[in-house]
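Visitor: What shape does this take:
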Amino acid sequence: MTCSSIVPLRSLGTFKVGLLLFTLSVQSTSAQSQAILGTLVEAETGAPIEGAAIILLSESGDQLSWRLTDTAGRFSFPINRSGRFQLRADRIGHASVLTDIIALDGAKNAVQRIEAPLEAILLSGLEVESNRRCEIRPEDGVATARVWEEARKALEAASQTTRRGTYRYVLRRYVRELDARGRRVQEEDSRILRQVLRRPFNSLDVDDLLSQGFVRPEGDGSVYYAPDADVLLSDPFLDTHCMNLTKGRDEEAGLLGLAFKPTKNRGVVEISGVLWLDAQGGHLQSLDYGYEYLDVPNAERLGGHLKFEGLPNGTWIISDWSIRMPILTGTVLDGGRQRIVLAAIREEGGQVVRVNNLQGDLVLDYRSGTIEGVVLDSLDVEPVEGATVLLDESMQTKTDDEGRFRFTSLTQGRYGVSAVNPALDSLGLAPPSVYVDAIPGEVVSVRLQSSGLMASLVALCQQPEVAEGNLGVLVGYVHDAAGNPAIGSNIKISWQEIARSTTGRFGLDEVFTSQDWESNLTVERTDGFYWVCGIPRGASVDVVVTLGDVESEPLRFRFPEMEIVTRQDVMVPSGG
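Guide: Numbering: from 1, shown residues only. Presented below is the predicted three-dimensional model:
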């Protein structure tokens, strides 16, 4: 009969990881002798692109600096020396754009306009099944390389975060004890940290991790390390790990996976894992990883998870993360031999509760939703400062000097967002609200256009010559006696155009001629709004509305000679 006893073998593990937090802002040109300035726009429309990464490269291709474009697509790189450079524009889900060589002579600024393709890169059509071979640094054009390129953009942004920390974070940290299969929580301790953190945590240098391993003995236990963006992007890591594509299943169903694993056993604990991306937009979603060459029972149940989130202005954060480590016990068998078993799993993790910028403004609250955006001018190019933005006609705010606005602490629901222009509102020409859903823990981006009167009239009449000569536009609302929109009513607008000319040898005799015009239309908008373009200013106008068998009395007025647009509301009398 075998006799055994249970003795403690190793205490709870600990871990140290690097949270991949990212934030960057466009820096203005400092007092340097020269700079590379520019804008990034959509090639097809000319609209500015916000939140794209612009990378300054040397002529040999080395990365020198990195910027995010602002709301107007602008960027700048102060440079204190002459030389030859290039710019690369990276936008997740779109092809990167590389400029021609830019030569600086030490005195003059260089101005660049970069046009990026509007068409998105789709990863959903890639052949995953035929891409089973694990490749080291996959070549351009290969399916694996295309997916890695999209993952690299997000990871590079995360890598920049370790050097610039302009967000401050409130975190919830937790420690759980799970059963040996990692399915049931047996004990949990959770708390929100009182202090506001600049960087939740960091990883070790890649050379240290690759030479000493991702798990190391320390005292009676072991320390478990996780990779950060610098590790995954580094040449040593890419040279010692290969990649291939995989399809997501269960919780990752519908995602495209970029799997990586070490190329050989180098005598230390390594990592393998999968970067999960949205196959439609190419956005990095999460990282799952485990430990290789780890001498622990059921090592496949150990590892970590990080969830990525990109904010509308181009910044990236990790919203939550976790890592699982073993709780081991040893069984002493007859003859003094030991058998090590996995008794339980310790899971440590964290979640971002709140994100603020350096000015203390709330950027993101994971307990409520946030709607933010930008207001651009009528050409959809320049940001509009000081514009009033209305949320559901109950909350309003002003745009900052970059045309940005933000509504925070919103309960879950659907909201209408609009840029307010009192002059257009009074005429019924205000653009319709943009409706978006506020979701707790997410930031929804809205892009609004602040149109002037002429731009609104051109869009309404669909003709650029709407105000040529003495022409004007008649607008208004048609409603019944109860004040309801008279949808489906017919409107007849008639006017008399009077032309004046001179006769006689010296042009002293004035001759007036008249011509009658008429326009008929049906009210189709649900709010009863109507419009007629091309009415001569100063003309005498009659408006008659018919709804069924009921016809209104003519509304007679003279179109103001000094106004391009005038409003006349009309009521259809009741049939009784």
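Visitor: Show the contacting residues for residue 45.
Guide: 118, 380 (Cβ atoms under 8 Å, 6 or more residues apart in numbering). To be clear about C-beta, it is placed using only N, CA and C from the backbone, and glycine gets the same treatment.
Visitor: Let me know the helix or strand that it is in.
Guide: Using DSSP states H and E, residue 45 falls within no helix or strand.
Visitor: Flag the shaky bits of the stretch 201-350 of the chain, pLDDT-wise.
Guide: 201-202, 334-336 (pLDDT under 70).
Visitor: for it, what spans make up the helices?
Guide: 206-212, 229-233, 235-240 (DSSP state H, counting those that start in this stretch).
Visitor: which of these sits most buried?
Guide: Comparing the helices of the stretch 201-350 of the chain by mean neighbour count (mean count of other Cβ atoms under 10 Å), helix 229-233 ranks first with a mean of 23.
Visitor: of all the helices of the stretch 201-350 of the chain, which lies closest to residue 409?
Guide: helix 229-233 (30.4 Å; Cβ to Cβ).
Visitor: Now do the closest one: which elements does it pack against?
Guide: When contacts are defined as 3 or more Cβ pairs under 8 Å, 6 or more residues apart in numbering; DSSP states H and E, helix 229-233 packs onto helix 143-161, helix 206-212.
Visitor: most packed of these?
Guide: helix 143-161 (a mean of 22).
Visitor: Send me it as PDB with only the CA atoms.
Guide: Written as PDB, here are the backbone C-alpha positions of helix 143-161 (Å, rounded to 0.1, in the frame of the first residue of the first chain):
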ATOM      1  CA  ALA A 143      -0.600  37.300 -45.300                       C
ATOM      2  CA  THR A 144       1.200  37.100 -42.000                       C
ATOM      3  CA  ALA A 145       3.100  40.200 -42.800                       C
ATOM      4  CA  ARG A 146      -0.100  42.100 -43.500                       C
ATOM      5  CA  VAL A 147      -1.600  41.200 -40.100                       C
ATOM      6  CA  TRP A 148       1.700  41.900 -38.300                       C
ATOM      7  CA  GLU A 149       1.800  45.400 -39.900                       C
ATOM      8  CA  GLU A 150      -1.600  46.300 -38.400                       C
ATOM      9  CA  ALA A 151      -0.600  44.900 -35.000                       C
ATOM     10  CA  ARG A 152       2.700  46.700 -35.100                       C
ATOM     11  CA  LYS A 153       1.000  50.100 -35.500                       C
ATOM     12  CA  ALA A 154      -0.900  49.700 -32.200                       C
ATOM     13  CA  LEU A 155       2.100  48.200 -30.400                       C
ATOM     14  CA  GLU A 156       4.300  51.000 -31.600                       C
ATOM     15  CA  ALA A 157       1.800  53.500 -30.200                       C
ATOM     16  CA  ALA A 158       1.900  51.600 -27.000                       C
ATOM     17  CA  SER A 159       5.700  51.600 -27.000                       C
ATOM     18  CA  GLN A 160       5.600  55.400 -27.300                       C
ATOM     19  CA  THR A 161       3.500  55.500 -24.200                       C
END
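Visitor: immediately after that helix, which helix or strand?
Guide: strand 167-178.
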